[in-house]
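# The sequence and its predicted three-dimensional model are supplied below.
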Amino acid sequence: MKYKYNILFICALIISVISCSPDDEDSIVSVPENDRTEQQVTDNDALEIFLNTHYYNSTEVSALANPSMADVVITELLDGETLPSDVTLLMSAVETKTTTYLEVEYEYYILRINQGGGAESPHFCDKLRIKYAGSLMDGTNFDTKSIPVSVDLAGYVPGWGRVMPEFNVGTFITNSDGTVSFDDYGMGVMFLPSGLGYYADYQETIPSYSNLVFKFELLQSETADHDFDNIPTYMEVIEADYDLFGKDTDEDLVVDFVDGDDDGDGTSTADEVRVETFTETTRGALEATLAALTLESNQLISPVKYNTDRNNFTANRVTILDSNGNGIPNYLDDTESEIIE
Ligand SMILES: [Ca+2]
Ligand SMILES: [Ca+2]
Ligand SMILES: [Ca+2]
Ligand SMILES: [Ca+2]
């Protein structure tokens, strides 16, 4: 796991080196990527044309209690054709969003079919259980997951990290046979410029500079802790900027969310916070126990884990300590590493 994210980090470093020195022609030989700002203009023009020439079956969808991906049908409005009365032109239905990524202003679009009735909404760096169907603007499907899959937003295209926090997860019930049914899940369609997708990467089914359309059903999310140090990833990144690589407290080139000793003082972060573990034999019982806890402002609950070896469920109440009261928690303060108070 750590190896993988170090590679991710190194790749991001390389990309930033390439993109930060466009005038230094001698330094790096590589296939030049299109200028991101120019590509964004091209991509947004194409997205706007798409949204102005396609509609979806809005009347049909709004009558459904739990619309699925397959229920939302996007159809091209042919030249000279009048818009049917029971549909909505996508451009009239989508929300237009803007974001900055790699110093370029991007526009992307969300068709919000259902917000999602669950309490949780993922952070941009969390893990999801989700169904999705990805296609190109010509309608070619490149990937469909109609059985729920896990997706780690920290390793996925940047558009997803922006869209998913806009939605809530579903609610679920456990059926008598032990299976789980989802209800009232977050459901929508996103329209992403290539710069928030795979950009210049060429994949077998996705040409370089492809705009991407994803339908999705957001079922569950889980707060990620990529380095297992008991500090959730969203607290180890710059969430407001969707920046995974913006915090490296000890400046050792291993960013905080993959660094198990964030302040570099030789004591692991996991040992600089106080952890109380709660264990129950069922998820429901553990969730009830956790819900009954009172949390101080410096406390949080870690994600629930199922332990296959012990057949039980555990979660931690994590207390972030600041022993010398200087406003810097022990795990980020290399002047103190005494742990347990
Ligand atoms: Ca962490
Ligand atoms: Ca570090
Ligand atoms: Ca860390
Ligand atoms: Ca430390």
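Yep, that arrived. Ligands and ions are numbered 1, 2, ... in the order given.

# Looks like Ala154 contacts Thr233 (just checking).
Yes: between Ala154 and Thr233 there is a contact under Cβ atoms under 8 Å: 6.6 Å. C-beta coordinates here come from the backbone N, C-alpha and C atoms, glycine included.

# what's the next secondary structure element after the least confident helix or strand in the chain by mean pLDDT?
With mean pLDDT, DSSP states H and E as the measure, the helix or strand of the chain carrying the lowest mean pLDDT is helix 2-20 (a mean of 47). Using DSSP states H and E, the helix or strand that follows helix 2-20 in sequence is helix 36-52.

# What residues of that following helix count as buried?
Arg36, Gln39, Gln40, Asp43, Asn44, Leu47, Phe50, Leu51 (16 or more other Cβ atoms under 10 Å).

# what's the farthest-apart pair in those residues?
Arg36 and Leu51 (21.5 Å; Cβ to Cβ).

# what ranges of the chain fall below the confidence cut-off?
1-29, 336-341 (pLDDT under 70).

# For ligand 2, what's the nearest residue on it?
As assessed by Cβ to the ion, ligand 2 sits closest to Asp259 within the chain, at 3.8 Å.

# does the closest residue to that residue other than its chain neighbours count as helix, strand or coil?
Nearest residue to Asp259 in three dimensions, chain neighbours excluded: Asp227, at 6.3 Å (Cβ to Cβ, 6 or more residues apart in numbering). Per DSSP: H, G, I helix; E, B strand; the rest coil, the local secondary structure of Asp227 is coil.

# State the distance from Asp227 to ligand 4.
Taking Cβ to the ion, to the nearest Å as the measure, Asp227 and ligand 4 are separated by 12 Å.

# That residue and Thr289, how far apart?
26 Å (Cβ to Cβ, to the nearest Å).

# Would you mind telling me which of these two has more residues around it?
Asp227 (24 against 14; other Cβ atoms under 10 Å).

# Go ahead and confirm the more buried one touches Gly260.
Yes: applying Cβ under 8 Å, one finds Asp227 in contact with Gly260, separated by 5.1 Å.

# Could you tell me the backbone phi and psi angles at the closest residue to Glu296 other than its chain neighbours?
Take Glu296 and drop its neighbours on the chain: the residue closest to it by Cβ to Cβ, 6+ apart is Thr319, 7.2 Å away. Phi and psi for Thr319, reported as degrees, to the nearest 10, are phi -110, psi 120.

# If Thr319 is in a bridge, with which residues?
Using DSSP bridges, the bridge partners assigned to Thr319 are Arg274, Gln299.

# got a list of what it touches?
Taking Cβ atoms under 8 Å, 6 or more residues apart in numbering, we find Thr319 in contact with Val273, Arg274, Val275, Glu276, Glu296, Asn298, Gln299.

# Mark which of those residues are buried, thanks.
Neighbour-count burial (16+ other Cβ under 10 Å) applied to the contacts of Thr319 gives Val273, Arg274.

# out of the contacts of Thr319, who's nearest ligand 1?
Val273 (10.3 Å).

# isn't that closest one right next to Tyr331, touching?
Yes: between Val273 and Tyr331 there is a contact under Cβ under 8 Å: 6.0 Å.

# quick one: common contacting residues for those two?
Residues touching both Val273 and Tyr331 (Cβ under 8 Å, 6+ apart) are Ile231, Ile320.

# Contact residues of this structure facing ligand 1?
Selection of the chain residues close to ligand 1 by Cβ under 5 Å from the ion yields Asp225, Asp227, Asp229, Ile231.

# okay if I get the residues you listed as TSV plus distance to Met190?
Formatted as TSV, the residues of the chain next to ligand 1 follow (distance: Cβ to Cβ, whole Å):
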residue	distance to Met190
Asp225	26
Asp227	29
Asp229	32
Ile231	29
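
# and ligand 3, which of those residues contact it?
Okay, of the residues of the chain next to ligand 1 touching ligand 3 (Cβ under 5 Å from the ion), that's Asp227, Asp229.

# got a winner among the residues of the chain next to ligand 1 for most neighbours?
The member of these surrounded by the most neighbours (other Cβ under 10 Å) is Ile231, with 26 neighbours in all.

# Now it: closest residue in space, sequence neighbours ignored.
Using Cβ to Cβ, 6+ apart, the closest residue to Ile231 is Thr269 (6.1 Å).

# care to break the protein down by domain?
33-222, 233-332 (automatic domain parsing).

# Farthest-apart pair in the residues of the chain next to ligand 1, please.
Maximum pairwise distance in those, criterion Cβ to Cβ, is 8.1 Å, between Asp227 and Ile231.
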